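Student: Provide a 3D model corresponding to the input given below.
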Amino acid sequence: VPKLRQLKESGHTVLAILASRPQAPITHLSRQSLVHCGTMLSTLAGASRNAIGQAAIGIGCSLSRAFASLPEPVAHHASGVDSSRLPTAASNSDETLLVSLPDRPFAATAYLPDEVLRSIAGSPKRVAVVRPAFLPFDEAQPVLSEVVASLGPAAIALAAHTQLTPQRLLVDEYFRSSNGSYTLAAPATELATYLHRKGLNVALVPDVSAAAAAAKALRTKVPNSIAAATRLRSMQSTNSVLMVAPTAFGFNEQAAQDNSFMNQAEKPQQGSGLTRQVCAEFAELHKQLTDVAGVNVKLFQHHIRHGTPDAVFPNNWFSTHASGEASGGVNQKTLVLYPMKCPNRAAERRPEIVQVLRQQGYGRVVDMTSHEKHDKAYFEGTGVLALDRVNGVAYVALSERADVKLAEQWVSTMGYKDLVTFHSNDGRGKPVYHTNVMMAVGTDVAVVCADSVTDAKERQHLLAKLSSTHEVVQISSAQMDALCGNVLELQGGKGLPVMAMSTQAYNAFTVEQKKVMRRHVADLVHAPIDTLEKVGGGGVRCAIAELF
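Tutor: Sure, this is the predicted structure:
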């Protein structure tokens, strides 16, 4: 624009504070805003009686007149790009510069434009241009420093809001050619997926600046997600799980003796409509976990001859643990087999499945099953254990299926740091049969029905311990009945945590509770398994056994 060019050449500069606070660098200023800048300069300068102030009056009036004649809109070109060098992983040592261009691109280009090249320092092997996927054309794109931050070698923090669908970001990657130009190598890759493919350990956080500061300070008490990404401590969740399809499911009279979440229905039998319905629901859950979330599921089945109507809940009879879990307390990969209260649940430990598990490289096997017969004491796996695997804290609601002595033995044997025991009752005044019905522990967020813990001291201790390391979502007894406590954090296919739950639980969470969880997980993955929940008395978490 000629008149704007003349003003630029004359050296006039306007410093402006906009009435509406900008949340990011502005790429376009309206004509009205520019006219107002000139008018405001004249008005402010008029209050001064010195020569500089009087001269400013003339400049302001000239600016107002000049800006008023400009076409709409006026483009403002920043002098450089917003950039951040990605940390490198051992598996991918290429130097990559992540950039956000001053003029928002609306598509990938075959080559990186020359004006962008002139703004880039050095000659990185790859340049990754970030652009919004679904942001309206007239809105400013996010500031890169509010989206990602390096946490050290092979580790990076990513803002959780980038996983909300409307705020998704894309990456166009360019590769440096021998002539120095940059050619498009891969267009429109979702940002989190791109970082995962680069071999980086990604910490999903609410605030990337705070995450970077915590990692730099190397404090002993950093958020769990950062400690896991920087390999200071072990991971809380895994991408690999074992599930058993309910191909011979039916009402389990033995388990119903102390599980008040169960409802009477038909037993396993030939041609069962109940089994067909539950299998259909389970198939949708499997699809959501594998196809949508990208979880690696090792799927088994069972037959009526096995005599295991509740085989769909495998997490009760075994658990696995990575070396380094519990702040280093677990010193080698471990498989644990648990004593079950009901004989037909103990039968779920089928030799062929146990053999497959033993082949997964677990250097230690802890077999607690002898307690079933020796002293009739029971301890039903991650049904009764809600584990903080990062910090080494085991939470146990004591019941007929969770013996306190076996809990203490488990903590000592596994090398965990702390045991938090308490008593929990459901809305009907009956003991909660499994801890994982009333609480769940993720990387940085936890869900708990504190109201179910009637003893004030136990409740206070539970909440104090949990809130010292996690943001806590407290649910009501009614929400516990909807199995909101029976959720499980897993690692999705992009290397980010997701929270798996039933659709009943998803609908029972409040909007605010979902917002809190979404600050720490990339997605809330759910499927309707109403029949399984109603008849089996367990939800999504019960149906998943983690493989570490």
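
Student: what about the strands in the stretch 151-300 of the chain?
Tutor: For the stretch 151-300 of the chain, strands defined by DSSP state E, counting those that start in this stretch occupy the ranges 155-159, 169-176, 182-190, 201-205, 240-244, 296-300.

Student: Output those strands in JSON lines, with mean neighbour count appended to each entry.
Tutor: In short, each C-beta sits where N, CA and C put it, glycine included. Converted to JSON lines, the strands of the stretch 151-300 of the chain look like this (neighbours: other Cβ atoms under 10 Å):
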{"stretch": "strand 155-159", "mean neighbour count": "25"}
{"stretch": "strand 169-176", "mean neighbour count": "22"}
{"stretch": "strand 182-190", "mean neighbour count": "16"}
{"stretch": "strand 201-205", "mean neighbour count": "25"}
{"stretch": "strand 240-244", "mean neighbour count": "22"}
{"stretch": "strand 296-300", "mean neighbour count": "15"}
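
Student: possible to save those strands as JSON lines with mean pLDDT and distance to N316?
Tutor: Output for those, formatted as JSON lines (pLDDT from 0 to 100; distance: least, Cβ to Cβ, whole Å):
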{"stretch": "strand 155-159", "mean pLDDT": "96", "distance to N316": "34"}
{"stretch": "strand 169-176", "mean pLDDT": "97", "distance to N316": "41"}
{"stretch": "strand 182-190", "mean pLDDT": "97", "distance to N316": "36"}
{"stretch": "strand 201-205", "mean pLDDT": "96", "distance to N316": "29"}
{"stretch": "strand 240-244", "mean pLDDT": "98", "distance to N316": "11"}
{"stretch": "strand 296-300", "mean pLDDT": "98", "distance to N316": "15"}
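
Student: closest to I226 out of the ones you listed?
Tutor: When those are compared by Cβ to Cβ, strand 201-205 sits nearest I226, at 5.0 Å.

Student: Excluding sequence neighbours, find me the nearest residue to N263.
Tutor: Excluding the flanking residues, the one nearest N263 by Cβ to Cβ, 6 or more residues apart in numbering is K534, at 5.1 Å.

Student: Correct me if wrong, but the one you found is in a helix.
Tutor: Yes. According to DSSP: H, G, I helix; E, B strand; the rest coil, K534 belongs to a helix.

Student: sorry, back to before: quick one: closest of the strands of the stretch 151-300 of the chain to Q504.
Tutor: Using Cβ to Cβ, the strands of the stretch 151-300 of the chain put strand 240-244 closest to Q504, at 18.7 Å.

Student: Show me what the closest one pairs with in its sheet, parallel or antiparallel.
Tutor: strand 296-300 (parallel), strand 545-546 (antiparallel) (DSSP bridges).

Student: residue ranges with poor pLDDT in the stretch 401-548 of the chain?
Tutor: Nowhere does the stretch 401-548 of the chain drop to pLDDT under 70.

Student: And the helices in it, which stretches?
Tutor: For the stretch 401-548 of the chain, applying DSSP state H, counting those that start in this stretch gives helices covering 404-414, 456-467, 477-481, 503-508, 511-518, 530-536.

Student: Tell me what angle the fifth one forms with strand 201-205.
Tutor: When you say that, I think you mean helix 511-518. 160 degrees (axes from the mean of the first three to the mean of the last three Cα atoms, to 10 degrees).

Student: Now do the buried residues in helix 511-518.
Tutor: Neighbour counts over helix 511-518 (16 or more other Cβ atoms under 10 Å) mark 513, 516-518 as buried.

Student: What about the residue lying closest to A212 once chain neighbours are set aside, how many residues nearby?
Tutor: Leaving aside its sequence neighbours, A212 sits nearest to A149 (Cβ to Cβ, 6+ apart; 3.8 Å). Counted by other Cβ atoms under 10 Å, the residues lying close to A149 total 23.

Student: contacting residues for A149?
Tutor: 84, 156-157, 208-209, 211-212 (Cβ atoms under 8 Å, 6 or more residues apart in numbering).

Student: Name every strand pairing with the helix or strand encompassing it and say which way it goes.
Tutor: Assessed by DSSP states H and E, A149 sits inside strand 148-152. In the sheet, strand 148-152 lines up against strand 155-159 (antiparallel) (DSSP bridges).
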